[in-house]
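Student: Coordinates for the following, if possible.
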Amino acid sequence: MIEDSIINISDRIILEFLRSIFEQVKEREGSLSAMEAFAVEVIHDLHEPTIREFADFLNISQSNATYKVNSLIKKGYIEKQNSETDRREYHLILSDKYYRYTDQLRTWVEELVRKVEKEFPPEDLKKLETMINQIAEEMI
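Tutor: Sure, this is the predicted structure:
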């Protein structure tokens, strides 16, 4: 069934994501805790949210969100940038340190795509890309 296939792919991506987090999380100054790693991934997936949007998504208080954000800023994984429309509001921007942190998962995905590209003709890959994009749009 297609439902089982989508769940299988999702599970495997989540497992690889969790593996990459736990490989990166170290018990030393400036490293991310598991909860901080999840928080920074939420910020990534929300695409430059405000602190309010971050708090609302996680269903936590703004003060709790601010505490988490300040910890991530102190560790260098995110930065605050003034909103162009309301200078009192800040957007959360991912830092270069974050992108170095996520390179491992991106490398895994790139290797997976190279393997798939060897197995299927270009027209099948184009159709797969279209289907994946449509599925992603439906998830929003």
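Student: first to last residue in stretch 43-53, what's the distance?
Tutor: With CA to CA, to the nearest Å applied, stretch 43-53 spans 9 Å between its terminal residues.
Student: Show me where this protein has its strands.
Tutor: Listed from the start of the chain, the chain has strands (DSSP state E) covering 78-82, 90-94.
Student: What pairs with the first one, parallel or antiparallel?
Tutor: Neighbouring strands of strand 78-82 in its sheet, by DSSP bridges, are strand 90-94 (antiparallel).
Student: nearest spatial neighbour of the residue sitting nearest the centre point of the chain, skipping sequence neighbours?
Tutor: Note on the chain: the residue nearest the mean C-alpha position is residue 41, at 3.6 Å, using CA atoms, centre = their mean. Of all residues beyond its chain neighbours, the one nearest residue 41 is residue 17 (7.8 Å), with distances taken as CB to CB, 6 or more residues apart in numbering. Bear in mind the C-beta positions are built from the backbone N, C-alpha and C, glycine included.
Student: And for that neighbour, the neighbour number?
Tutor: Neighbours of residue 17 under the rule other CB atoms under 10 Å: 17.
Student: same thing with residue 97?
Tutor: Using other CB under 10 Å, residue 97 has 16 neighbouring residues.
Student: which strands and helices sit next to the helix-or-strand element of the chain with minimal mean pLDDT?
Tutor: Sorting the helices and strands of the chain by mean pLDDT, DSSP states H and E puts helix 2-24 at the bottom, at a mean of 78. Helix 2-24 is packed against helix 34-46, helix 96-119, with contacts defined by 3 or more CB pairs under 8 Å, 6 or more residues apart in numbering; DSSP states H and E.
Student: CSV please, covering those helices and showing mean pLDDT and distance to residue 127.
Tutor: Conversion of these to CSV gives the following (pLDDT from 0 to 100; distance: least, CB to CB, whole Å):
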stretch, mean pLDDT, distance to residue 127
helix 34-46, 88, 26
helix 96-119, 84, 13
